[in-house]
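>>> Prediction below, plus the sequence it came from.
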Amino acid sequence: MLTNAPQETTPPTAHPAPATARPSWEDLVTAALLGTERRALPPAVHTRGMEAPIALLDAAALQTVRRRAGLRPAPAAAPPEPAAHDPRPPVPPAARRRLATLLTDQPGTGGGRRGAAPDLMELLPQWLALANARGYGAPPELLPALLNAARGRTDLRPQALTFAGPRALWLARLNPDWKFALRATPGGGVALPPTDDAPKVQQLWEEGLFAERVALLTALRAHDARAALDLLTSTWSTERAEDRLMFLDSLRTGLSSEDEPFLEQALTDRSRNVRCTAAELLSALPDSALAGRMSTRAASCVAVDHTSDTPTLTVEAPHECDAGMERDGVTPKPPTGRGERSWWLGQLVESAPLATWQPRLGNRTPTEIVALPVADDWRSELHAAWCRAAVRQRDVAWSRALLGTPASPDAAGPGAVSLAERAKLLASLPAAERADWVAGFIAAHGLSEAFQLLGVCAVPWAGPLGGAVVDSLNIARDAGSYPWSFSGVMGLAERCLDPSEAVRLDALTAIPDEPENASPGAVGYWSEAFQRLVTTLRLRAAIRDELPPP
């Protein structure tokens, strides 16, 4: 008699399959995702006495090997062309180590005080500028870090790409993260033909991309201004308005009277921006016909009144903007809040050659003209227009006259010439004279208004200017206020003071007794700020020694 024996339970297994059958990868993935308790193994999986999960993994491993071994090798890609040779000498080992440190320093993410430690990232631009000035090339192993730093800081890009040299463009073509290097390089990094190879120059001008054409025109303008003008003239009528504007801007290099006929023709261009740029370029040519027309118009608006006890300038602003004025670049519609007549007057005066005024105003010198009183509150408008003319024409005599003496009472506040205008005028003066003027300004008015002026002074600051800054910082510390209101000047001092000033500043790093009316803890904060300044100056001295002229 047969009895019912207990049935042995076994895990689900696959049905027998031919030895040559192989499970599909999709079946294996499905079984793995659902689990062997819910999904039977694919028929082609052989357990060979193994538990189902192990058999599944074994089959997946085997199928993985089959999939990889079954790939047909693709044709090998052509290796990239090697980077162009960089003939510059590599930086010395000590400078290379310094650069690696500067590139790995990360700016702080928190706010508040900076502490006494120097900001290494702020030293990187100076390191690059010095390395470029002395003709060194970048260490290849640091190029990725250098490009990553320049990617995050647009202010670093010009110096970083100059230092990186041709290898930066080579790398940028291989890594999309560094495409900015191609955009920042004229012509997108494409090699331009020699400027004396006329057929290739003509071909690139007719067939090249816009960036390549701009780079070509700029390079040719610096080499042969007339040839560049002829090239531009040959296709001018067929160019887009925005392209004409960029091409026209290249004429600033080597601008001369030979460009006048072309620029006169551009005054009738259908684009207002092109017309205005052409007029601006013509006004920079003192002997041009446009400059003569502007001189006549401006001179008719300003005269000397000798009937009063003191000779006084009188102003009669234009009553309309006629078609001739508009053709010569005068914008008829003023900005919001600006009167029409004063707007037209300013444009006429700034476009007229400054040589107009001495014979028109009694053969007085620029200093004597600027000193004359101006009737009916026209002084600010007239002087501001003369400032723009002096900056545009880079006239040193008029810049000196409009700047006045640094100790004059209105030099530190609202007046006929604002601090922003003074900063532009200073840029026209020789570096030594510029530094002396700003030093006198600081001595008379302190540092609170000097930030814009310090920014246009040559680096490192000359001795008198550096001394004036250090003395004013010391005075501010003794006054008992917090140093944070001078953080901008302190940052400039770290970058611009001569490193030799560290010796004088050592005495200011100590914490003196707190003055009676001082803000709580102010002397400690000042000591910290001076410690940071001294440490930064010494680091700059070390960098200078590590990058000697090759």
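Yep, it's here. Numbering: from 1, shown residues only.
>>> Now do the contacts for the residue positioned nearest the centre of the chain.
Compute the mean C-alpha point of the chain, and by C-alpha atoms, centre = their mean the closest residue is Asp155, 4.6 Å away. Asp155 is in contact with Pro125, counting by C-beta atoms under 8 Å, 6 or more residues apart in numbering. C-beta: built from backbone N, CA, C; applies to glycine.
>>> Run through the neighbouring helices and strands of the lengthiest helix in the chain.
Counting by DSSP state H, the longest helix found in the chain is helix 522-546. Packing partners of helix 522-546 (3 or more C-beta pairs under 8 Å, 6 or more residues apart in numbering; DSSP states H and E): helix 93-104, helix 120-133, helix 463-478, helix 487-496, helix 502-505.
>>> out of these, nearest to Leu429?
With C-beta to C-beta as the criterion, Leu429 lies closest to helix 463-478 of the helices and strands packed on helix 522-546, at 13.1 Å.
>>> in the closest one, what counts as buried?
Applying a neighbour-count criterion of 16 or more other C-beta atoms under 10 Å, the buried positions in helix 463-478 are Pro464, Leu465, Gly466, Gly467, Ala468, Val469, Val470, Ser472, Leu473, Asn474, Ala476, Arg477.
>>> could you give the angle of that helix to helix 522-546?
Helix 463-478 runs at 150 degrees relative to helix 522-546, counting by axes from the mean of the first three to the mean of the last three C-alpha atoms, to 10 degrees.
>>> still on that earlier bit, wait, which of the helices and strands packed on helix 522-546 is closest to Leu62?
helix 93-104 (46.6 Å).
>>> Report the rounded mean pLDDT for that closest one.
Mean per-residue pLDDT for helix 93-104: 95.
>>> buried sites along that helix?
Ala95, Arg96, Arg98, Leu99, Leu102, Leu103.
>>> okay, the residues you listed in CSV with distance to Leu372 next?
CSV is the format used below for these (distance: C-beta to C-beta, whole Å):
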residue, distance to Leu372
Ala95, 56
Arg96, 61
Arg98, 56
Leu99, 56
Leu102, 54
Leu103, 57
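>>> List just the nearest of the residues you listed to Leu209.
Leu103 (32.6 Å).
>>> That closest one against Ala145, yeah?
Yes - in this structure, Leu103 is within contact of Ala145 by C-beta atoms under 8 Å, at 4.3 Å.
>>> quick one: buried residues of the longest helix of the chain?
Neighbour counts using 16+ other C-beta under 10 Å place 522-523, 525-537, 539-540, 543, 546 of helix 522-546 among the buried residues.
>>> quick one, helices of the stretch 301-450 of the chain?
Secondary structure of the stretch 301-450 of the chain (DSSP state H, counting those that start in this stretch): helices at 323-327, 340-351, 357-360, 366-371, 379-393, 396-403, 419-426, 431-445.
>>> picking up where we left off before, off-centre distance for the longest helix of the chain?
26 Å (C-alpha atoms, centre = their mean, to the nearest Å).
>>> cool, and stretch 164-177?
On C-alpha atoms, centre = their mean, the centre of stretch 164-177 falls 20 Å from the chain's centre.
>>> and the worst-scoring helix or strand of the chain on mean pLDDT, which residues are buried?
Lowest on mean pLDDT, DSSP states H and E among the helices and strands of the chain sits helix 180-184, with a mean of 81. Buried residues in helix 180-184, defined by neighbour count with 16+ other C-beta under 10 Å: Ala181, Leu182, Ala184.
>>> Closest one to Arg213 out of the residues you listed, please.
Leu182 (15.8 Å).
>>> hang on, isn't that closest one packed against Ala172?
Yes - taking contacts as C-beta under 8 Å, Leu182 lies within contact range of Ala172: 5.1 Å.
>>> for the record, mean pLDDT for the longest helix of the chain?
91.
>>> what do you get for stretch 397-413?
Computed over stretch 397-413, the average pLDDT equals 81.
>>> With just CA atoms, put that stretch into CSV.
The C-alpha trace of stretch 397-413 is given here as CSV (Å, rounded to 0.1, in the frame of the first residue of the first chain):
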residue,chain,number,x,y,z
ALA,A,397,47.4,120.6,-20.3
TRP,A,398,43.6,120.6,-20.2
SER,A,399,43.6,117.6,-17.8
ARG,A,400,45.9,119.4,-15.4
ALA,A,401,43.7,122.6,-15.6
LEU,A,402,40.5,120.7,-14.9
LEU,A,403,42.0,118.7,-12.1
GLY,A,404,43.1,121.8,-10.3
THR,A,405,45.2,121.5,-7.1
PRO,A,406,44.6,118.4,-5.0
ALA,A,407,44.1,120.6,-1.9
SER,A,408,41.3,122.7,-3.4
PRO,A,409,38.2,122.7,-1.2
ASP,A,410,35.8,121.2,-3.9
ALA,A,411,38.2,118.4,-4.8
ALA,A,412,36.7,116.0,-2.2
GLY,A,413,33.0,116.7,-2.9
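>>> So what touches that stretch?
For stretch 397-413, contacts defined as C-beta under 8 Å, 6+ apart pick out 354, 365-367, 369-370, 383, 386-387, 389-391, 416-417, 419, 421-422, 425-426, 428-429, 437-441, 443-445, 449.
>>> residues near Gly208, how many?
18 (other C-beta atoms under 10 Å).
>>> Spatially, which residue comes closest to it, not counting chain neighbours?
Excluding its sequence neighbours, the residue lying closest to Gly208 (C-beta to C-beta, 6 or more residues apart in numbering) is Leu216, at 6.7 Å.
>>> The one you found touches Glu206, doesn't it?
No - at 10.7 Å, Leu216 does not count as touching Glu206 under the criterion of C-beta under 8 Å.
>>> Tell me which of these two has more neighbours.
Each of Leu216 and Glu206 has its neighbours counted (other C-beta under 10 Å); Leu216 has more, 24 against 11.
>>> List the residues that contact that one.
Gly187, Leu192, Pro193, Val201, Leu204, Trp205, Gly208.
>>> Export the helices and strands packed on helix 522-546 as CSV, with columns for distance to Glu81.
CSV is the format used below for the helices and strands packed on helix 522-546 (distance: least, C-beta to C-beta, whole Å):
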stretch, distance to Glu81
helix 93-104, 27
helix 120-133, 26
helix 463-478, 49
helix 487-496, 40
helix 502-505, 48
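>>> So for Leu192, what pLDDT did the model give?
Leu192 carries a pLDDT value of 73.
>>> what about it, how many neighbours?
Neighbour count of Leu192, defined by other C-beta under 10 Å: 18.
>>> Which element, helix or strand, includes it?
Assigned by DSSP states H and E, Leu192 belongs to no helix or strand.
>>> and this structure, what are its domains?
25-60, 198-285, 298-403, 428-550 (automatic domain parsing).
>>> my guess is Val45 meets Pro23, correct?
Yes - counting by C-beta under 8 Å, Pro23 is a contact partner of Val45 at 5.4 Å.
>>> gap between Gly446 and Leu473?
Separation of Gly446 from Leu473 (C-beta to C-beta, to the nearest Å) stands at 10 Å.
>>> Quick one: closest of the helices and strands packed on helix 522-546 to Pro80.
Pro80 sits nearest to helix 93-104 of all the helices and strands packed on helix 522-546, at 24.8 Å, using C-beta to C-beta.
>>> on contacts alone, who are the packing partners of the closest one?
helix 120-133, helix 143-152, helix 522-546.
>>> what's the angle from the last one to helix 487-496?
In this structure, helix 522-546 runs at an angle of 20 degrees to helix 487-496, with the same axes, to 10 degrees as the basis.
>>> Tell me what angle helix 522-546 forms with helix 93-104.
Using the same axes, to 10 degrees: helix 522-546 against helix 93-104 is 140 degrees.
>>> The first one too?
Orientation of helix 120-133 against helix 93-104 (the same axes, to 10 degrees) gives an angle of 140 degrees.
>>> who's in contact with helix 120-133?
Residues from elsewhere that reach helix 120-133 (C-beta under 8 Å, 6+ apart): 91, 95, 98-99, 101-103, 105-107, 149, 155-156, 159-160, 162-163, 491, 494-495, 536, 539-540, 543-544, 547.
>>> Could you tell me how far that helix lies from the centre of the chain?
15 Å.
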